[in-house]
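Q: Give me a model of this one.
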Amino acid sequence: MTTITIELPNERLQKLQEMAQKFGVSTEELVRVSVEDMLTQPEEQFRKAAHYVLKKNSELYRRLAA
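A: Residues are numbered from 1 along each chain as shown. Modelled structure (predicted):
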């Protein structure tokens, strides 16, 4: 198994932690299950979701790449 690290704005991390607490799981488990769920969706749904996320965050990605 591989470990990855991501950066999140503090407000997103807080929301993620609140959601994990609501579901009674760790933050890491919530993220892992969410990623697994996304990866098991039919390919077209995944493509649409990925396109939406990339478009929505394109400015952030551009700034991070600079």
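Q: What are the contacting residues of the helix or strand of the chain with the lowest mean pLDDT?
A: Using mean pLDDT, DSSP states H and E, helix 58-65 stands out as the lowest-scoring helix or strand of the chain, at a mean of 77. Helix 58-65 has contacts (Cβ atoms under 8 Å, 6 or more residues apart in numbering) with residue 54. Any C-beta I mention is one placed from the backbone N, CA and C, and that applies to glycine too.
Q: rerun that using 10 Å as the cut-off
A: 7, 9, 53, 54, 57 (Cβ atoms under 10 Å, 6 or more residues apart in numbering).
Q: For the third one, give me its contacts.
A: By Cβ under 10 Å, 6+ apart, the residues touching residue 53 are 38, 61.
Q: Backbone dihedrals for residue 41, please?
A: phi -70, psi 150 (degrees, to the nearest 10).
Q: In contact with residue 42, which residues?
A: residue 48 are the contacts of residue 42 under Cβ under 10 Å, 6+ apart.
Q: Give me the distance between it and residue 48.
A: 10 Å (Cβ to Cβ, to the nearest Å).
Q: picking that back up, hmm, which of the contacts of helix 58-65 are the buried ones?
A: If you count burial by 16 or more other Cβ atoms under 10 Å, none of those comes out as buried.
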